[in-house]
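Peer 1: Quick one: sequence plus predicted model below, questions after.
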Amino acid sequence: MEDKLILLVEDNPDDEALTLRALKKNNIRNDVIVAHDGVEAVDFLFGTGKYEGRDTRIMPQIILLDLKLPRLDGLEVLRRLRADKRTRLLPVVILTSSKEEMDLVNGYSLGANSYIRKPVDFPQFSEAIRQLGLYWLVLNEAPPSQD
Amino acid sequence: MNWSTWSIERKTFVGFGLVLVLVVVVGIIAVQSTRQLIEANRLVSHTLEVIAELERVNSTLLEAETAQRAYIFTEYQVYFDAYQTASAAAVTNAQQLRTLTTDNPNQQRQMDALEPLIAERIVRLQTGIDLWLSDGFDRVRTYIVTDGGVVAQQISTLIDEMQADERNLLAQRRNNAETTAEGTFVAFTAFIALTAGLLAYMYYLIRRDINARKQAEIAAKAAQDYTANIVNTVREPLLVLDADLRVISANRTFYTTFNVKETETVSAPIYELGNQQWDIPALRQLLEAILPQNAEFNDFEVEQDFPNIGRRTMLLNARKIYRPGNHTALILLAMENVTSRKQAETRLLESEEQLRATFEQAAVGIAHIGLDGRWLRVNQKLCDIIGYTSDELHEKTFQEITHPDDLEKDLTYVQAVLAGEIQNYSMEKRYIHKDQSYVWINLTVSLVRGSSGAPKYFISVIEDISERKRLEQAMRESDEKHRNLFETMAQGVVYQDGEGKITEANPAAQRILGMTLSQMQGDSPTDPRWHLIHEDGSDYPIEMHPTMLAFQTGQPMHEVVMGVFSPQDESIHWIEVNAAPQFRPGEEKPWQVYGTFTDITLRRQAMREIEELNAVLEQRAVELEATNKELEAFSYSVSHDLRAPLRSIDGFSQALLEDYADQIDDFGKDYLQRVRAAANRMAALIDDLLNLSRITRAEMRLEPVDLSDMAQSIASDLQQQQPERQVEFSIRDGMIVDGDPRLMRVALENLIGNAWKFTSKRSQAHIEFGMVDQPEDGRVFYVRDDGDGFDMAYVDKLFGAFQRLHAITEFEGTGIGLATVQRVIRRHGGNVWAQGEIGKGAIFFFRL
């Protein structure tokens, strides 16, 4: 269970705190790596930059990806993930504030597995995180690891 | 029975019969008489024989006596022989006499006496001899003297008696024979006379008959010649056939009619004549019945193609006749060549049929009209024209169904025709149709006169010209329209004839070109400064004018632009010229060209202005697009960034409430809840505003949208969200519109969502989505609920953004929903309106 990493890509510290709180409240105890912008996320996944030398055989079980990010936005991160054979099958859930049609279309076009709009109401947000964790970490079978 | 009427045969038969009977009767009588005469003569000669025999007996006895005496006296032997011969002869004669008189009993009795006496006498003579011999002569003389005489006397007496008797008998028989001979003579005389008479009469009769026959034969010959002449003169072909139906003879007409020769006709079976054309089963049956059944037939029609002469129609008559002389039964077959009559009849029938058909089927109405105006005979077309049946028309006069305004003229013509002033007349007039409408017709009337010249009836030919009248009217109207158009149209029109000469120019053309018609035609002087220019200002030679070119090339010219310098106002009128040549069928050169001139001066100005405006608009559009882009970026930013703080506000308020519940009192908790509620309402407002903005910006994709399906799905979503609500939906089926499916769904979600929301206080609610089809407004859709309704006083505020008619505590909501609905409907070119009453529910209408 602990093997199953969660990569949370989130620049807003409030959202980060609230997401982690929701995970905790729902007893989701998996390790959570937080990337604060797109570059950090990409570095983690490919073992570059700040994560130079990381064992990239360890990949997150689920990536929770915000769209509006400094430096490299979420859609660009998704594009790069899907372009690399090591990460192209990784489950990616877009977790963002907007439900602009443009974002939805682009997100799914680039291969997002799911699109969740963060509700303002925290109990609803918490419920969403719970279901998300249950589904992607428990129910869903991860793709075989790629080298 | 009348002799004179008897036939010669009968006369002859009866005559000869009578003669035969008479001859037989008289013959029998004659034979009888002759036989009697022969008998009488036989009796006479028998009597004479008897007398002679008696004499012979007497004489032989005398001879015997004489010889005896001579012997006695002379003793000559010769006398003794004579004596013996005579005595033997006497006996023989006596015997003969007995034989002769066997028929006479009286003489037989005398013979009975005579014969012994003769025997006695012979014995006595013998005795005398014997005595002589024995006693000598004396003795004998004594003896002869004493005894001899007595017996001789007795014999002689007896013979005398017998002779006397015979002589009596002879006389008697002679007398008898004489009488008989006389009768016989009479009988023969009568026989001969009668026979001669009858023969004479028969000769007369036969002679007469022969004469008659000769006369008859001459007459018959004459008659035969006469008949032959007739037969040969008869114009009908005749054939005489024998029992085997072979031709015995044919008359001249037959040969000429069928163009055949006697050699190929006579003795040929009729069925083989003329290439078997007569071999017709029905004819066979008739012909073959004639002789056996003594039948005849008349007018049997044969229509065949005959060799040499072609198709002919013959009427055949046949009967049995007898050949003169030997009475052979024959068939006389007479033919009548009715070919030309038949053809004439056919032609007559056809001609009558044609006449009838012409009358009945003529494309025009035809009628015979009595002198009093009564319809005597009408054809179907006429009935069709005026709507009456012919029976109905026979009860009417033409005056009755003629339009009153046309009657007088018609009657005047009728009088003129009757008076012989005119032969016929033609006029256009109106009949009153059975349905009381007027029918325009062209009437042509002529009068039929009898052989005496007296008028009999009129022949009227009636042509329905209502269509022509309509066309004429239409053409008049069309002409008038055309003329009005020509006179009043803004476009100039000029007609040029085949010589290039302008024939007509409408006022607009005169105005646009700045010339009068007479100037155009060269009849009036034109200002020399008047000229045409190209768009670039160069001179436009009149020879290159489109109408001239159309003339030369025969091709139409389109939208040629040129300027007309008008000396009157010293300005240039820009015109667009079209020219079209017009051709008559079969002609290569146009007979007319018409040119149209449109004054485009103003249009050119307007175009220039439009171009300028377009440039401005284009600039504006670029700016607007930039603005839109900004707005989009703004919306995007809002959607992402404006919500994040709200989430923090709510999230951490909740965290406070959860993590520090024991340190915050109930007021504090309430405040935190209010903070959270405000944050959430703000989020909702932002969403709705973004929605509204998105709807305004979104591109429309029109396609058929099933509103009924869409409403059903929205209703079931609502019921799923709040299964505890008791709401009955009635949604009409099949409401399909052309719209953008996403936008229409937003509108319906708002309308039905509103109805759902405002009926939330009802335990039983009813929401209806339906449609009325109104002739003037088209389809109007509506959503009706029986919820809380609204006050019509505020109906104007209903569709404004952020306008709410209810307190937020009463019904949640941002007040943007109906504004969104209105945007959607307006973007579809429709409108939306509402009716309501507080507590009674609301109804929202929209039309696309």
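Peer 2: Done, it's in.
Peer 1: Check the burial of residue 39 by counting its neighbours.
Peer 2: By default, I'm working from chain A. Using other Cβ atoms under 10 Å in any protein chain shown, the number of residues around residue A:39 comes to 18. C-beta: built from backbone N, CA, C; applies to glycine.
Peer 1: The intended chain is chain B.
Peer 2: Neighbourhood size, residue B:39 [other Cβ under 10 Å]: 14.
Peer 1: From residue B:48, how far off is it?
Peer 2: Distance, residue B:39 to residue B:48, by Cβ to Cβ, to the nearest Å: 15 Å.
Peer 1: Quote the end-to-end distance of stretch B:522-533.
Peer 2: Distance between the two ends of stretch B:522-533: 20 Å, counting by Cα to Cα, to the nearest Å.
Peer 1: What's the mean pLDDT across it?
Peer 2: Mean pLDDT, stretch B:522-533: 79.
Peer 1: List the buried residues for it?
Peer 2: Using 16 or more other Cβ atoms under 10 Å in any protein chain shown as the test for burial, stretch B:522-533 gives B:531, B:532.
Peer 1: for stretch B:376-390, same thing?
Peer 2: B:377, B:378, B:379, B:381, B:382, B:383, B:385, B:386, B:387, B:388.
Peer 1: Return the per-residue confidence for the second one.
Peer 2: Read it as residue B:378. pLDDT for residue B:378: 90.
Peer 1: Quick check: the residue positioned nearest the centre of chain B vs residue B:360, distance?
Peer 2: The centroid of chain B falls nearest to residue B:353 when counting by Cα atoms, centre = their mean (13.3 Å). Residue B:353 is 10 Å from residue B:360, where distance means Cβ to Cβ.
Peer 1: same deal with residue B:846?
Peer 2: Distance from residue B:846 to residue B:360, by Cβ to Cβ: 68 Å.
Peer 1: Output the contacting helices and strands for the helix or strand where residue B:181 lies.
Peer 2: Assigned by DSSP states H and E, residue B:181 falls within helix B:149-233. Contacts defined by 3 or more Cβ pairs under 8 Å, 6 or more residues apart in numbering or on different chains; DSSP states H and E place helix B:149-233 against helix B:8-74, helix B:105-143.
Peer 1: how much does that helix deviate in direction from helix B:105-143?
Peer 2: Angle, helix B:149-233 to helix B:105-143, by axes from the mean of the first three to the mean of the last three Cα atoms, to 10 degrees: 150 degrees.
Peer 1: Please state the offset of helix B:149-233 from the chain centre?
Peer 2: Here helix B:149-233 is found 91 Å from its chain centre; the criterion is Cα atoms, centre = their mean, to the nearest Å.
Peer 1: And the next helix or strand past that helix?
Peer 2: strand B:238-241.
Peer 1: partners of that following strand, with directions?
Peer 2: Applying DSSP bridges, strand B:238-241 is found paired with strand B:247-250 (antiparallel), strand B:329-337 (antiparallel).
Peer 1: can you redo those as a markdown table with mean pLDDT, mean neighbour count and distance to residue B:81?
Peer 2: Shown next, in a markdown table, are these (pLDDT from 0 to 100; neighbours: other Cβ atoms under 10 Å in any protein chain shown; distance: least, Cβ to Cβ, whole Å):
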| stretch | mean pLDDT | mean neighbour count | distance to residue B:81 |
| --- | --- | --- | --- |
| strand B:247-250 | 85 | 18 | 102 |
| strand B:329-337 | 85 | 19 | 98 |
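Peer 1: So for residue A:35, which of these sits nearest?
Peer 2: Comparing the strands paired with strand B:238-241 against residue A:35 with Cβ to Cβ, the closest turns out to be strand B:329-337 (130.5 Å).
Peer 1: Residues contacting that closest one, please?
Peer 2: Counting by Cβ atoms under 8 Å, 6 or more residues apart in numbering or on different chains, strand B:329-337 makes contact with B:236-243, B:245, B:248, B:254, B:257, B:270, B:287, B:290-291, B:312-323, all of which sit outside it.
Peer 1: Now that we have these, which of them are buried?
Peer 2: Applying 16+ other Cβ under 10 Å to the contacts of strand B:329-337, the neighbour count classes B:236-242, B:245, B:254, B:257, B:270, B:287, B:290-291, B:312-318, B:320 as buried.
Peer 1: need the contact list for residue B:302.
Peer 2: Residue B:302 sits next to B:277, B:278, B:280, B:283, B:313, B:314, B:315, B:316 when contact means Cβ under 8 Å, 6+ apart.
Peer 1: Am I right that it sits in a strand?
Peer 2: Yes - remark: residue B:302 belongs to a strand, assigned using DSSP: H, G, I helix; E, B strand; the rest coil.
Peer 1: which residues of the stretch 201-350 of chain B score low on pLDDT?
Peer 2: B:324-326 (pLDDT under 70).
Peer 1: can you tell me the residue of it closest to chain A?
Peer 2: As assessed by Cβ to the nearest Cβ, chain A sits closest to residue B:350 within the stretch 201-350 of chain B, at 90.3 Å.
Peer 1: what are the ranges of the strands in chain A?
Peer 2: Shown for chain A, the strands assigned by DSSP state E span residues A:6-9, A:32-35, A:62-65, A:92-96, A:114-117.
Peer 1: now do the stretch 651-800 of chain B
Peer 2: In the stretch 651-800 of chain B, the strands defined using DSSP state E, counting those that start in this stretch lie at B:703-706, B:727-731, B:736-739, B:765-774, B:778-785.
Peer 1: Out of those strands, which gets nearest to residue B:508?
Peer 2: Nearest to residue B:508 among those is strand B:778-785; the distance by Cβ to Cβ comes to 41.3 Å.
Peer 1: Any chance you could list what contacts the helix or strand that comes right after the closest one?
Peer 2: Downstream of strand B:778-785, the next assigned helix or strand under DSSP H and E is helix B:817-827. Residues outside helix B:817-827 that contact it (Cβ under 8 Å, 6+ apart) are B:688, B:691-692, B:695-696, B:700, B:740, B:743-744, B:746-747, B:750-751, B:753-754, B:798-803, B:831-832, B:844, B:846-848.
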